[in-house]
Structures are given as C-alpha cells and as structure tokens.
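Engineer: quick one, fold the following:
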Amino acid sequence: MAAYFLSAAIQSNKAAHAYLFAGPLGSCKTEAARAFAQALLCPEGGGDNCDTCMRVAHSTHPDFHVIAPGGVKGYVVEQIHEIISSAAMAPVRSNRKVYLLTRADLLTGHAANALLKTLEEPPGDTVFILLARNRDAVLETIISRCQVLPFRRIPEDEALAILVERTGATPDEARIALAATGGALYYAEEFWRSGERKNLRIATLEALERLPRADDATVLESAKNLIVKVRAPLDVVKLEQQRHLEQSRDFLSAGNLGRLEQQHRREFTSKERETIGEILDVTRSWLRDLMIVQVPESSQKPVNVDFIANIKRTAERVGMTSCVRALDAVDEAQQQIQYNVSLQLALEVMLFAIQTELAEV
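Structural biologist: Below you'll find the model as predicted:
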C-alpha cells in the first residue's frame, strides 16, 4: 500500500510537503525513504544507477539531507534551526530538496516546536520524510502536519530472501547480518558490505567466548579492544564526511560549511552509538543461541553457526536463568548508553555482568 501511494505521488508530480513513515525495525521504512528520495531528486524518476541515485544512496547528494538526533535524548534545537536555514535556500543540483529525519519519535520540546511551522508551510521545493519506530511515540502536532504511512515488519524468511538476493550471502550469512543489526534489512545490507563491521562481530564473539575463564584485567582489556574495533568502521564514515565537505566547498558559504561540519560531528556521534549497538545485538544473538541449543525440540536455529562448537560447550553448564540475567545486562548497557554513560564503561559493566553468569566454577 505504501509503495503504491508513493509511486502515485511521483507519477502525478504531487508529492506532499511532509511524510511520516512509521514502523518497527525491519519494516524497510528506511529503504522506502531513500528510494522515495531518489525518485524525487532524480530526473529519471529513480533507478539506482545514475549519479543522482548513487549520491542519494551514499548520502552525498547536496539536496538530500539525513538528520539523526544530535543529542543523547533526541534532536537539539540547533539542528532544527540549521534545517530551517538550509530549507530556505534554493536546491543545488535538483529541483527539490529532501530532508530525512531518522527518529521523529525523538523530536520533542523546543526542537519540535521550532520545526512545526516549517513542516506546516515549507518552501515549495522541499519535502520532509520523518521516520519513527512507533507512530504513537510521535507528537500529535507533528503527525497532523504529515502524510502518515504505516510499515509492518517483514517476516524473517522474506527478509532473508531479500538479503541473499541483494548481497549474494548464503542464508546462514544473511541471518548473521540481520541478527547483528537488530533485524533491520537496510542496516543488515550495510553490515554485509563492511569488512570492518564483520570483524567487529568476530571480535565481540571471541570476547564472549573468553569471559568464562577471564580475570578482571582480561575483561577490561576486552572492552578496550572492542572500542578500538568500533573505530574501524567509523573511519569509513569520516572519509565519506570529508569527501562530502570537499564537494560542498564549491557552493556553500563559510557559515554554511561550518554548520555542515557541526552536522557531521553529530552524525559521527550517532554512528558511534549505532556501531556500539551492533556489539549489543551480536551479544544478544549469542546468548539466545545458548538458550536455543538447550531446547533440542526448538524450531529455532542458532544464528552464530561459525561459533557453534563453543556455544554448545557453554550451554552444557549455563542454565536458562543465567542467560536471561545476561540478556538483562545487555539491555541495561543499552539504556546506560542512551543516558550518555561512557561507551567503554557501559561495555565493561556489561561484560562483567555476563561473566558473573557464565563463569566456570
């Protein structure tokens, strides 16, 4: 239904000024938003292969702006002021500008109030696409100014088939990518194409394997090493940002370049938290595998089949209750990170808590 609605808007050249795509992780709303942005900005109506579509796909098109929350608890008002200022300027390469806000459910307070008038009366060449995991978490004043499109989570078998087709991964490899990214197809595809993020998964699982026999110094060293590994995929983000900045020097003023640099810093912080989130998702998948192998009649298959020998050995002496408590520790780490606790400290506390549950006696 959403695809038909958006296609009709493109074909009739009657795109609304603001859309809210609402659906859980794994509902492909991010893919839909980027495809819609390609169709809006591309002279050929989208299709992935032209320069415009490639730039949108890599977030380097000067008229396509991806805005992630800049603060720990959500968007900050400075971000919205930058959007309003930018939206008032003419497009650079296309006949439209598209702004993609990745977490509309975290758009609250002064930031939301600052954006409301622009959402209601944006420049005629501007389209806003807001993403939210839960429609009910979005302010009603924002919802009322958007065309709302619901998205449902794609069944796992369907998501696996799509990922296999797009990447050439085996079904087992596709399940690993989806588990490492919380079931989000767009991020799973990014994961599969990143050697650095695959290496981070391996490092996480190896650290978990060492925990039962690790002393305190080893646990602390493991957390430190994981933070180092987190920085490898972020180096790619830095290179993309530098490339974007160099491409923008020809058409942006010094003031706007400064604002772009601030935006890049906020995006980098957001990406850092996303990458830490993959450590947590990989840890969850490993702990769930421990639980699955303890139930021979289970219809579920372990995800981390490349580590299955150790998983089975660990499961022989670790009960369900310990696994549940260890999963609680992962959830606690995620909450601490959202409250801006040091990333390394959050990982250290999580690993110590899991070690307590897995320790050999």
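
Engineer: alpha carbons only for contacts and neighbour counts from here, please
Structural biologist: Will do.

Engineer: other SSEs contacting the helix or strand hosting residue 207?
Structural biologist: Taking DSSP states H and E as the definition, one finds residue 207 inside helix 195-210. Helices and strands touching helix 195-210, by 3 or more CA pairs under 8 Å, 6 or more residues apart in numbering; DSSP states H and E, are helix 185-192, helix 216-248, helix 254-292.

Engineer: just checking, next helix/strand downstream of the last one?
Structural biologist: Next helix or strand after helix 254-292 toward the C-terminus (DSSP H and E): helix 308-315.

Engineer: against which helices or strands is that following helix packed?
Structural biologist: Helices and strands touching helix 308-315, by 3+ CA pairs under 8 Å, 6+ apart, are helix 254-292.

Engineer: remind me which residues of this protein are low pLDDT?
Structural biologist: For the chain, the stretches with pLDDT under 70 are 1-3, 47-48, 72, 233-242, 244-270, 360-361.

Engineer: let's see the lengthiest strand in the chain as CSV, backbone CA atoms only.
Structural biologist: If you go by DSSP state E, the chain has its longest strand at strand 126-132. This file holds the C-alpha atoms of strand 126-132, laid out as CSV (Å, rounded to 0.1, in the frame of the first residue of the first chain):
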residue,chain,number,x,y,z
THR,A,126,11.2,20.9,-0.1
VAL,A,127,10.0,17.5,1.1
PHE,A,128,10.4,16.2,4.6
ILE,A,129,10.4,12.5,5.3
LEU,A,130,10.2,11.6,9.0
LEU,A,131,10.9,8.0,10.3
ALA,A,132,9.6,6.6,13.6
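
Engineer: hmm, who's touching that strand?
Structural biologist: 15-24, 29-30, 33, 87, 96-105, 119, 138 (CA atoms under 8 Å, 6 or more residues apart in numbering).

Engineer: give me the neighbour count for residue 231.
Structural biologist: The number of residues packed near residue 231 is 17, by other CA atoms under 10 Å.

Engineer: ditto for residue 158
Structural biologist: 10.

Engineer: that one is in what secondary structure piece?
Structural biologist: Using DSSP H and E, residue 158 falls in helix 156-167.

Engineer: for the next helix or strand after that helix, buried residues please.
Structural biologist: From helix 156-167 onward toward the C-terminus, using DSSP H and E, the following helix or strand is helix 171-180. By 16 or more other CA atoms under 10 Å, the buried positions in helix 171-180 come out as 172, 173, 174, 175, 176, 177, 178, 179, 180.

Engineer: which members of the residues you listed are the farthest-apart pair?
Structural biologist: 172 and 180 (12.4 Å; CA to CA).

Engineer: now do the shared contacts for those two.
Structural biologist: Common neighbours of residue 172 and residue 180 (CA under 8 Å, 6+ apart) do not exist.

Engineer: and the residue nearest to residue 353 when sequence neighbours are not counted, how many neighbours does it have?
Structural biologist: Nearest residue to residue 353, sequence neighbours excluded (CA to CA, 6 or more residues apart in numbering): residue 329, at 6.3 Å. When neighbours are defined as other CA under 10 Å, residue 329 has 22 of them.

Engineer: which secondary structure elements does the helix or strand hosting residue 329 contact?
Structural biologist: Assigned by DSSP H and E, residue 329 falls within helix 320-338. If contacts are counted by 3+ CA pairs under 8 Å, 6+ apart, helix 320-338 sits against helix 254-292, helix 343-358.

Engineer: quick one: contacts of the shortest one?
Structural biologist: The reference is to helix 343-358. By CA under 8 Å, 6+ apart, helix 343-358 touches 208, 211-212, 214, 216, 219-220, 223-224, 227, 276, 314, 318, 322-323, 325-326, 329-330, 332-334, 336-337.

Engineer: just the buried subset of these, please.
Structural biologist: For the contacts of helix 343-358, buried by 16+ other CA under 10 Å: 208, 211-212, 214, 219-220, 223-224, 227, 276, 314, 318, 322-323, 326, 329-330, 333-334, 336-337.

Engineer: many thanks, I have nothing further to ask.
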